[in-house]
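> Okay, predicted coordinates and the sequence, questions at the end:
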Amino acid sequence: MCKCCEEIKFIKEDLIVATNIRRKIQVQVITKSYRKNEKKPAGIIHFSSYDLKYCPVCGRKQ
């Protein structure tokens, strides 16, 4: 199990949430552009959110 899977499992099972609140776990694709020899990103683009069905790192089904 990768670190991302462990964090997803923690969010789904161990995070305390009131029973009357509905949860929906989603992921968002973000791209960052960097200039040479600079640490600060030159541009960031956010895309739509998608339902989390697979781990984005290792591909394991959630």
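Noted; the coordinates are in hand.

> The closest residue to Asp51 other than its chain neighbours - how many residues pack around it?
Sequence neighbours aside, Gln26 is the residue nearest to Asp51 in space, at 5.8 Å (criterion: Cβ to Cβ, 6 or more residues apart in numbering). (Glycine included, C-beta is placed from N, CA and C.) Neighbour count of Gln26, defined by other Cβ atoms under 10 Å: 9.

> what's Gln26 in contact with, if anything?
Ser49, Tyr50, Asp51, Leu52 (Cβ atoms under 8 Å, 6 or more residues apart in numbering).

> What does the pLDDT read for it?
Listed pLDDT for Gln26 reads 87.

> now the helices for this structure?
Under the criterion DSSP state H, the chain carries helices at the ranges 3-9.

> residue nearest the centroid of the protein?
With distances taken as Cα atoms, centre = their mean, the residue of the chain nearest its centroid is Val27 (4.5 Å).

> how much space between that one and Glu38?
Distance, Val27 to Glu38, using Cβ to Cβ, to the nearest Å: 27 Å.

> Likewise for Arg60?
35 Å.

> So between those two, which is more surrounded?
Arg60 (12 against 8).

> Just give the nearest non-adjacent residue to that one, would you?
That would be Cys5: by Cβ to Cβ, 6+ apart, it lies 5.7 Å from Arg60.
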